[in-house]
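1. Any chance you can model this:
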Amino acid sequence: MPYFTHGETKNKLILLYIAARADAIPTRAQLYRTAVLNSEIQYFAFEEALGELLEDGLLTEVPKSFGDCLGVTDLGREALQMFEKSIPQDERMRLDAYLCAHRGDFLRETQISSRIEKTDSGVMLHLYITEADRVILSVSLAAASEEQAMAMRSRWENAGEPVYNYIWDILTKEQKH
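-> Predicted coordinates:
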């Protein structure tokens with residue numbers, strides 16, 4: 001009969017498992033969402049486990065153009081390989097199914113990103129589309145207020161791809177004389 005871990009140890013193993021099984025290096029929000037929706041991890045337990053995994057060198061922060069992601073180190077892979085079976089199989093299957101079902105969402109979240117910057121002259125909204133860790137479109141817009149910037153930012157996730165395609169089509173279309 002296998003021995004299943006509990007408490008802090010289980011939380012750490014689950015976070016390592018998710019980070020290792022995701023198709024791309026997950027963001028902190030993706031790791032959190034996956035853990036909370038598919039395990040019994042609460043916010044403070046997540047934060048504590050994540051902090052300890054980073055401190056112990058089992059996970060590392062990987063800077064990306066859209067923010068930091070969390071990658072599994074070699075030490076983390078070794079630990080997971082030794083103790084993965086102590087996560088119940090049904091929980092591993094649930095995590096795998098969730099990661100598979102949300103693969104496209106995870107990718108889109110890391111390809112279409114934004115940030116809001118407060119400047120002396122107002123609020124700037126920076127919008128990005130990345131592909132293979134390279135920014136392929138960057139647009140900066142001045143917003144009248146932080147509320148307007150937040151509203152525009154929330155629409156960017158759905159509008160990013162059509163905006164990119166529109167700009168691409170306009171700029172690459174052959175001119176007829």
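
2. per-residue confidence at G67?
-> Among the per-residue scores, G67 holds a pLDDT of 67.

3. That should have said E91, apologies.
-> 92.

4. now the one 10 residues further on
-> Model confidence at A101, expressed as pLDDT, equals 93.

5. burial measure for it, as a count.
-> 9 (other C-beta atoms under 10 Å). Every residue, glycine included, has its C-beta placed from N, CA and C.

6. now do the one 5 residues further on
-> Using other C-beta under 10 Å, the number of residues around F106 comes to 19.

7. Show the contacting residues for it.
-> By C-beta atoms under 8 Å, 6 or more residues apart in numbering, F106 lies in contact with A22, D23, A24, P26, Q30, L99.

8. and the fourth one, backbone torsions?
-> This points to P26. Here is the backbone geometry of P26 (degrees, to the nearest 10): phi -80, psi 150.

9. didn't it look like it was pressed against A35?
-> No - look at P26 against A35 with C-beta atoms under 8 Å: they stay out of range, at 10.1 Å.

10. Need the overlap of contacts for those two.
-> I18.

11. how near is the residue nearest the centre of the chain to T119?
-> The chain has T27 as the residue nearest its centroid, 2.6 Å off, counting by C-alpha atoms, centre = their mean. Remark: distance between T27 and T119 (C-beta to C-beta, to the nearest Å) = 25 Å.
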